[in-house]
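Colleague: got a predicted model here, sequence first, then my questions.
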Amino acid sequence: MAGRLEGKRIVITGAAQGIGLAMAETFLAEGAHVFLVDRDGDLLAAEVERLRAAGGKVGHTTADITDAKAIERAVAAAASEIGQLNALVNNAGVNVFFEPLKLSDADWQRCFDINLKGAWNCSKAVLPGMIAAGGGVILNIASTHAFTIVPHSFPYPVAKHALLGMTKALGLEYAGQGVRVNALAPGYVRTQKVVDYWNSFPDPVAAEAETMKLHPGGRIATPQEIAKAALFMISDECPFMNATCLTVDGGMSVLHHP
């Protein structure tokens, strides 16, 4: 299939690398016009230049999703540059993992500001335009942490559980205005952050092997595989999918470990 997103105008946050960048590449290949947002302006500009050189229809701006005013300006810039937005992908996020009693108030706040409030800032900015236009799609990139708990990873799963709740609440609230709100829950994905995690161990190869053992298929996802799932969810191929979550983790979250 080709042209599955022809005419779609999509904002992606956290788009300078990893899953966000893979989604940008995948969406462009299917005919979309994308507007990329990231707080790393230099990295974002370099990737946008590469995408444009390949013929991609790409706009971009540097913004921190925790700054509501900056996000309002970013969404306004996106609408001005590429037209009324059809979709938003709330991809930006950060891992904040602690044992609960070792967590500082500052790290608690950082976790929720980025992983929950940031997604709300972006959703709040795009919703009026989508409602006025008769519809749109918001896709929140959650995690298997949104419905499972890994010890010593507090408060990240709390924020992701809340993100899933917000997905359901907004999906029901605006269904009558033609806006679908869903979540996509990846498990482990071979991003640079995951590679850096393995490299933080004395034996990175052994650390990687331990991660692979958690998965029934013996491997983890690529960013492109997550991007393909996102493509389906924001396309017109699933018009009745709303207020729900699609898990893409190779079966990891349903495997009972002895």
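Modeller: Received it, and whenever you're ready, just let me know what you need. Numbering: from 1, shown residues only.

Colleague: for the stretch 151-258 of the chain, which segments count as helices?
Modeller: Along the stretch 151-258 of the chain, the stretches classed as helices by DSSP state H, counting those that start in this stretch are 156-173, 192-199, 204-213, 223-234.

Colleague: what are the contacting residues of the first one?
Modeller: Counting contacts by C-beta atoms under 8 Å, 6 or more residues apart in numbering, the residues outside helix 156-173 that touch it are 95-97, 111-112, 115-116, 119-120, 123, 127, 138, 140, 142-143, 145-150, 179-183, 185, 242-245. Quick note: C-beta positions are derived from backbone N, CA and C, even for glycine.

Colleague: for the record, mean pLDDT for stretch 235-251?
Modeller: Averaging pLDDT along stretch 235-251 gives 97.

Colleague: quick check: buried residues in that stretch?
Modeller: Neighbour-count burial for stretch 235-251, counted by 16 or more other C-beta atoms under 10 Å, picks out 235, 242-243, 245-250.

Colleague: turn the residues you listed into JSON lines, columns for distance to Leu43.
Modeller: Output for the buried residues of stretch 235-251, formatted as JSON lines (distance: C-beta to C-beta, whole Å):
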{"residue": "Ser235", "distance to Leu43": "28"}
{"residue": "Asn242", "distance to Leu43": "34"}
{"residue": "Ala243", "distance to Leu43": "34"}
{"residue": "Cys245", "distance to Leu43": "29"}
{"residue": "Leu246", "distance to Leu43": "28"}
{"residue": "Thr247", "distance to Leu43": "29"}
{"residue": "Val248", "distance to Leu43": "25"}
{"residue": "Asp249", "distance to Leu43": "27"}
{"residue": "Gly250", "distance to Leu43": "28"}
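
Colleague: now, which of those sits nearest Leu21?
Modeller: Val248 (17.2 Å; C-beta to C-beta).

Colleague: which residues touch that closest one?
Modeller: Contacts of Val248 (C-beta under 8 Å, 6+ apart): 184-187, 221, 225-226, 229.

Colleague: give the bridge partners for it, please.
Modeller: As for beta bridges, Val248 partners with Pro186 under DSSP bridges.

Colleague: once you drop chain neighbours, what's closest to Glu72?
Modeller: Nearest residue to Glu72 in three dimensions, chain neighbours excluded: Ala125, at 5.2 Å (C-beta to C-beta, 6 or more residues apart in numbering).

Colleague: ok, now which ones touch the one you found?
Modeller: 68, 71-72, 74-75.

Colleague: of those, just the buried ones, ChimeraX syntax please.
Modeller: Selection of buried members from those for ChimeraX, criterion 16+ other C-beta under 10 Å:
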select :68,71,74,75
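
Colleague: quick one, what contacts the residue nearest to Arg219 when sequence neighbours are not counted?
Modeller: Residue nearest to Arg219 in three dimensions, not counting chain neighbours: Met212, with 6.0 Å by C-beta to C-beta, 6+ apart. Residues near Met212 by C-beta under 8 Å, 6+ apart: 218-220.

Colleague: can you check Ala63 too?
Modeller: Counting by C-beta under 8 Å, 6+ apart, the residues that Ala63 touches are 37-39, 70-71, 73-74.

Colleague: pick the one among those residues closest to Ala22.
Modeller: Nearest to Ala22 among the contacts of Ala63, counting by C-beta to C-beta, is Asp38 at 13.7 Å.

Colleague: re earlier: mind listing which of the contacts of Ala125 are in strands?
Modeller: Among the contacts of Ala125, no residue falls in strands (DSSP state E).

Colleague: quick one: the contacts of Ala125 as CSV, columns for pLDDT too.
Modeller: What follows is the contacts of Ala125, written out as CSV (pLDDT from 0 to 100):
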residue, pLDDT
Ala68, 98
Ile71, 98
Glu72, 98
Ala74, 98
Val75, 98
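
Colleague: out of the contacts of Ala125, which one sits closest to Gly20?
Modeller: Distance to Gly20 across those (C-beta to C-beta) is lowest for Ala74, with 14.2 Å.
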